[in-house]
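> Fold the following.
(chains A, B, C, D, E and F)
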6 protein chains.
Amino acid sequence: MWVYEKKLQYPVRVSKCDPRMAKFLMEQYGGADGELAAALRYLNQRYTLPERVIGIVNDIGTEEFAHLEMIATMVYKLTKDATPEQLKEAGLGDHYANHDKALFYQNASGVPFTATYFQAKGDPIADLYEDIAAEEKARATYQWLIDMTDDVDLQDSLTFLREREIVHSQRFREAVELIKEDQDTKRIF
Amino acid sequence: MWVYEKKLQYPVRVSKCDPRMAKFLMEQYGGADGELAAALRYLNQRYTLPERVIGIVNDIGTEEFAHLEMIATMVYKLTKDATPEQLKEAGLGDHYANHDKALFYQNASGVPFTATYFQAKGDPIADLYEDIAAEEKARATYQWLIDMTDDVDLQDSLTFLREREIVHSQRFREAVELIKEDQDTKRIF
Amino acid sequence: MWVYEKKLQYPVRVSKCDPRMAKFLMEQYGGADGELAAALRYLNQRYTLPERVIGIVNDIGTEEFAHLEMIATMVYKLTKDATPEQLKEAGLGDHYANHDKALFYQNASGVPFTATYFQAKGDPIADLYEDIAAEEKARATYQWLIDMTDDVDLQDSLTFLREREIVHSQRFREAVELIKEDQDTKRIF
Amino acid sequence: MWVYEKKLQYPVRVSKCDPRMAKFLMEQYGGADGELAAALRYLNQRYTLPERVIGIVNDIGTEEFAHLEMIATMVYKLTKDATPEQLKEAGLGDHYANHDKALFYQNASGVPFTATYFQAKGDPIADLYEDIAAEEKARATYQWLIDMTDDVDLQDSLTFLREREIVHSQRFREAVELIKEDQDTKRIF
Amino acid sequence: MWVYEKKLQYPVRVSKCDPRMAKFLMEQYGGADGELAAALRYLNQRYTLPERVIGIVNDIGTEEFAHLEMIATMVYKLTKDATPEQLKEAGLGDHYANHDKALFYQNASGVPFTATYFQAKGDPIADLYEDIAAEEKARATYQWLIDMTDDVDLQDSLTFLREREIVHSQRFREAVELIKEDQDTKRIF
Amino acid sequence: MWVYEKKLQYPVRVSKCDPRMAKFLMEQYGGADGELAAALRYLNQRYTLPERVIGIVNDIGTEEFAHLEMIATMVYKLTKDATPEQLKEAGLGDHYANHDKALFYQNASGVPFTATYFQAKGDPIADLYEDIAAEEKARATYQWLIDMTDDVDLQDSLTFLREREIVHSQRFREAVELIKEDQDTKRIF
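Okay, here's the model as predicted:
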């Protein structure tokens, strides 16, 4: 079980009301390579991965929920002072019609989140490569998002998140090595 | 952010290997009224609900993740000793072909989880009725699941979860009253 | 069975060609809390709800089809004189590429209608709270739509529809009371 | 708008409780070529088809709702006396876990209904061929369903529905000719 | 099996960088009546259609893959020199956030491709009318796309593709006649 | 463009009519890690991957279509002599109701194929890890399928396909090295 601690993993600041950027950030809230997909993917794998790497997916999965909260905070801050007219101009008129300013787990195009974005195979090598690929894809999304804004405060938070994905990718590569080592050991005896 | 604590909210015990029951329980893992839908629904509403009821959705959302973990543990325990042949007989041959014994966020029919199962409107009364309905629907699912098993250990955990939904439904009804009270107060001044 | 009567439940007038507003109105045609979802939800529940409340869901479900027809008429009137260029400017270029000016059951973002937007549990209390929540969510959507237009003719029709949702919500609350009454009576004898 | 008349278009009788057949019949309730898809397809096309054929889609669309009600009645009658155990044996354990005995708009595999099953192009020839194809596909499904049951009462209702699809297919072919005639006339003058 | 030949079926030229038109063209890449849906539909039917018409679906299905490649080339050429800012202005900011300039099988609104767009019934008449309807719908989409651009080079390629759909529609109509002929012959003997 | 050659990449033989196994094999026809997903993923990446690795994705994508054809042949051969009653016993009654014996792009549970199963990011490292993960996941699925049958002829074809996935995974790993090499070279100058 999880205990909520009322703080963000890393500070989230934005320089201005910018609903258009909020729209693009939703990609990391409810999109294919977003933080929700990441968190759910790793935590779901805990039951069938080998003992030795369960801690890694548990830790990273839990951290991704903290990232999800950071993204939610960004989207909220970028839109909270926008008028309906500003939301329309930013391409969020469809969002407003359905959700007012409430958040929703969908991608930047408004496609609702689906679990088909990720996978669990019960084969440790396959599952860990799924995880490495996920981190590389999330890293790319953060790069495209950083490219799309000139808000230095927002860039700071996004850069932090992109860096964490690189660290996670590295940890999953190490996990692959641990598994291969174990498999080799088993083959010897 | 959330901190992981290595224990279940309530003990999960099963009396026997029963993959057929595991299949039905997946409804509460990745189904329309399951624990994942519940957790995501409430935590997403935190940003736009009035101050006074944010604590309630935050608490219940966090608890639903603990429930999700209990369901995962049940599914895992009911299937871990099953052979591929037993999985086929239990109607889980399709699951095995895709996931081996790994869990996945899908309902009992194998339909992958989608965020279209729930909603956020940015209108507090609408959102809280969405939440009351969610709890009543989850309560009903737990009842149907309890009806489908004679495993008393499993029934014990499921009964705990059903009771929690009743408590949550009550808390959301109280939250509706708090909001109405505030709206009445605002109208007076 | 149903007999078609060639008139609208309430007149639909629009003051001008406004494809951008038509796009937002599609939310109530094929969106999560739209009239199609409403009609299908209630009519589907007729078979397993208790005798005493079947008339209510049958009446309201039938009325929602009349509302669906009103929304279709609005969308049609707001777009029928638009050129392809005007549709593109209104954010409906994607709609034109796929459907020309034909209507389609999708939400304002272009996401096709899915039955996962609603539910039927076979538990009367759960089903009726699903219905109350549905009406409250539809009421909210009508409010956001009214906020988005200054066309007084269109506002008039939307206000009528919003008011009907409030009446329906009230009727479903009364239905809950009827069911509870019956359940109490059964417990006594 | 539509007025409800409390009778079925054609009598529905079933000889026995048969939840397995009910499962297959759901294909025509919420499946790709089912009655819901048919009704929604035709009624949606009313706004952009040429004047001369609007009456046809309006009539047939309204009739398909009557067919939907017949299918619902069949499914209900085939399952109403089944125990949870019988539902499980019939492959409806997943349905029971989610919906008890309530109906739901999904196909025989449990896939929820989606509007992507059909189309509207705003081109009369394309739309009418869509409709002819729809009727031919529904006819095929009724044939497969008739093949799967030896219940003569049920076969009688299904045969009636299959025949109606053949009649509708013929009417849509005639509508194509009407449109072509009009197009030729226009080209002459 | 298929052998790749490094040339396009018909030349693809575009006069200018035009990401907005690229967005609309995606409808024919991953949309309901697009080339992917067409290719997959026909090739899938090869196994159960009567011997006499298998060659037709095999040929046309293979050709549709060549068309898919032409559409991909158009989208690529129309976007390759665009800046992120130009993509945003063209309504492709959401695409950029998720895919940079990579293509993806989705429609013009960003809805991911799904196999529910088409069907296979195992009944030759139904399957061939599905195919005729598909060609008529694709023809309509090409018409709407031609209407949306003034780029004569692009219009040339699109006109070629629209003409091919008309030819295919004719071939499927002939296939219907072949099947009916065979069915009549069988009935005689 | 592609030219069809009327032969399979590798012979497909099955020892007996076995519709239950056919159901499981559909996972590799239209499932998350199946051959359709693989072929479409790689061919789509051709436009934005660096020149140096385009040949690899083009070759492997084309080969995956040959694999798709092998899977289709297996499913067809395993079901072609089955009666409707045998299909029902094999858990394919729902398939029969919708498709008779026609194939369809869906997974073993009957969930229709969706493009959300894969991704394209426009970042070569992310895209190639997506591809490695895809091959590892497909390898795992083939292993689970081999485990589920005792038909040695079928096992032979499945073993061939599993081996090809291992070869592809290796080629994508080499492609990653090529890209990294190029990136290092660019950094030097």
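
> Where do the helices of chain A begin and end?
A:19-30, A:35-45, A:51-79, A:84-89, A:93-99, A:124-147, A:152-188 (DSSP state H).

> which other helices and strands contact the first one?
Helices and strands touching helix A:19-30, by 3 or more Cβ pairs under 8 Å, 6 or more residues apart in numbering or on different chains; DSSP states H and E, are helix A:35-45, helix A:51-79, helix A:84-89, helix A:124-147, helix E:93-99. To be clear about C-beta, it is placed using only N, CA and C from the backbone, and glycine gets the same treatment.

> Identify each buried residue in the second one, please.
Of the residues in helix A:51-79, those scored as buried under the neighbour-count criterion (16 or more other Cβ atoms under 10 Å in any protein chain shown) are A:53, A:56-58, A:60-79.

> would JSON lines of the helices of chain A with mean pLDDT be doable?
Conversion of the helices of chain A to JSON lines gives the following (pLDDT from 0 to 100):
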{"stretch": "helix A:19-30", "mean pLDDT": "98"}
{"stretch": "helix A:35-45", "mean pLDDT": "98"}
{"stretch": "helix A:51-79", "mean pLDDT": "98"}
{"stretch": "helix A:84-89", "mean pLDDT": "96"}
{"stretch": "helix A:93-99", "mean pLDDT": "98"}
{"stretch": "helix A:124-147", "mean pLDDT": "98"}
{"stretch": "helix A:152-188", "mean pLDDT": "94"}
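
> Reformat the ones you listed as TSV; add distance to E:A138.
As requested, the helices of chain A are arranged in TSV below (distance: least, Cβ to Cβ, whole Å):
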stretch	distance to E:A138
helix A:19-30	30
helix A:35-45	33
helix A:51-79	38
helix A:84-89	33
helix A:93-99	27
helix A:124-147	32
helix A:152-188	40
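
> looking at the ones you listed, which is closest to A:E5?
When those are compared by Cβ to Cβ, helix A:51-79 sits nearest A:E5, at 9.2 Å.

> helices or strands next to that closest one in the packing?
Using 3+ Cβ pairs under 8 Å, 6+ apart, helix A:51-79 is in contact with helix A:19-30, helix A:35-45, helix A:124-147, helix A:152-188, strand B:2-4.

> May I see these arranged in a markdown table, with distance to D:I179 as well?
Written out in a markdown table, the entries for the helices and strands packed on helix A:51-79 read as follows (distance: least, Cβ to Cβ, whole Å):
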| stretch | distance to D:I179 |
| --- | --- |
| helix A:19-30 | 42 |
| helix A:35-45 | 47 |
| helix A:124-147 | 47 |
| helix A:152-188 | 55 |
| strand B:2-4 | 61 |
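
> what's the closest of these to A:N98?
helix A:19-30 (12.8 Å).

> leaving aside the residues next to it on the chain, what's closest to the residue in chain A that chain C sits nearest to?
When scored by Cβ to the nearest Cβ, chain A has A:G110 as its residue closest to chain C, at 3.1 Å. The shortest distance from A:G110 to any residue other than its chain neighbours is 3.1 Å, reached at C:S109 (Cβ to Cβ, 6 or more residues apart in numbering or on different chains).

> you'd agree the one you found is up against A:S109?
Yes. At 7.0 Å, C:S109 counts as touching A:S109 under the criterion of Cβ atoms under 8 Å.

> got any residues that touch both of those two?
Common contact partners of C:S109 and A:S109 (Cβ atoms under 8 Å, 6 or more residues apart in numbering or on different chains): E:S109.

> mind checking how far the spatially most central residue of chain A is from B:R173?
The centre of chain A sits closest to A:E35, judged by Cα atoms, centre = their mean, with a distance of 1.7 Å. Computed with Cβ to Cβ, to the nearest Å, the distance linking A:E35 and B:R173 is 32 Å.

> just A:T159 next, same as before
Note on A:T159: its distance to B:R173, by Cβ to Cβ, is 44 Å.

> which residues touch the residue lying closest to A:Y47 once chain neighbours are set aside?
Sequence neighbours aside, B:Y76 is the residue nearest to A:Y47 in space, at 4.4 Å (criterion: Cβ to Cβ, 6+ apart). Residues in contact with B:Y76 (Cβ under 8 Å, 6+ apart) are A:47-48, B:101, B:103.

> Using TSV, please lay out those residues together with neighbour count and pLDDT.
Shown next, in TSV, are those (neighbours: other Cβ atoms under 10 Å in any protein chain shown; pLDDT from 0 to 100):
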residue	neighbour count	pLDDT
A:Y47	20	96
A:T48	21	96
B:K101	22	97
B:L103	25	98
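
> before we move on, the earlier item: now do the contacts for the residue nearest to the centre of chain A.
For A:E35, the contacting residues are A:28-29, A:64-65, A:67-68, A:71, A:138, by Cβ under 8 Å, 6+ apart.

> which residues touch A:T48?
The neighbourhood of A:T48, defined by Cβ under 8 Å, 6+ apart, consists of A:120, A:122, A:127, B:76, B:100-103.

> Determine which two of those are furthest apart.
The most widely separated members of the contacts of A:T48, counting by Cβ to Cβ, are A:D127 and B:Y76 (15.1 Å).

> and chain A, which residues reach chain F?
Along chain A, the residues adjacent to chain F under the rule Cβ under 8 Å from any Cβ of the partner chain are A:32-33, A:114, A:116-117, A:119, A:121-123, A:125-126, A:129-130, A:132-133, A:136-137, A:139-141, A:143-144.

> Would you agree A:D147 is in contact with E:L87?
No. Using Cβ under 8 Å, A:D147 is not in contact with E:L87, being 10.4 Å away.

> between the two, which one's more packed in?
Between A:D147 and E:L87, E:L87 has the larger neighbour count (other Cβ atoms under 10 Å in any protein chain shown), namely 23 against 15.

> Would you mind measuring from that one to E:A66?
Taking Cβ to Cβ as the criterion, E:L87 is separated from E:A66 by 28 Å.

> Same check on A:M21?
The gap separating A:M21 from E:A66 is 40 Å, by Cβ to Cβ.

> cool, and A:E174?
As defined by Cβ to Cβ, A:E174 lies at a distance of 45 Å from E:A66.

> again with A:V152
Distance of A:V152 to E:A66, given as Cβ to Cβ: 48 Å.

> Repeat that for A:I132.
Here the distance between A:I132 and E:A66 works out to 35 Å (Cβ to Cβ).

> Return the member of the contacts of B:Y76 nearest to chain F.
Of all those, the one with the least separation from chain F (Cβ to the nearest Cβ) is B:K101, at 9.9 Å.

> give me phi/psi at the closest one?
In this entry, B:K101 is assigned phi and psi values of phi -100, psi 10 (degrees, to the nearest 10).

> Go ahead and confirm it touches B:T79.
Yes. Contact criterion Cβ under 8 Å: B:K101 and B:T79 qualify, at 5.6 Å.

> hey, what's in contact with both of those two?
Overlap between the contact sets of B:K101 and B:T79, as judged by Cβ under 8 Å, 6+ apart, is given by B:L87.

> Report the contact partners of the closest residue to chain E within chain A.
Scanning chain A for proximity to chain E using Cβ to the nearest Cβ identifies A:S109 as nearest, at 3.1 Å. With contacts defined as Cβ under 8 Å, 6+ apart, A:S109 is in contact with C:109, E:94-95, E:98, E:106, E:109-111.

> Next, the contact list for A:P19, please.
A:P19 sits in contact with A:78-79, A:82, A:86-87, A:90, A:92, where contact means Cβ under 8 Å, 6+ apart.

> Which positions in chain A make contact with chain C?
A:84, A:88, A:91, A:93-98, A:100, A:106, A:109-112.

> out of those, which is most surrounded?
When neighbours are counted by other Cβ under 10 Å, A:N98 leads those with 30 neighbours.

> So it sits against C:Q28, correct?
No. Checked against Cβ under 8 Å, the pair A:N98 and C:Q28 is beyond contact range at 9.7 Å.
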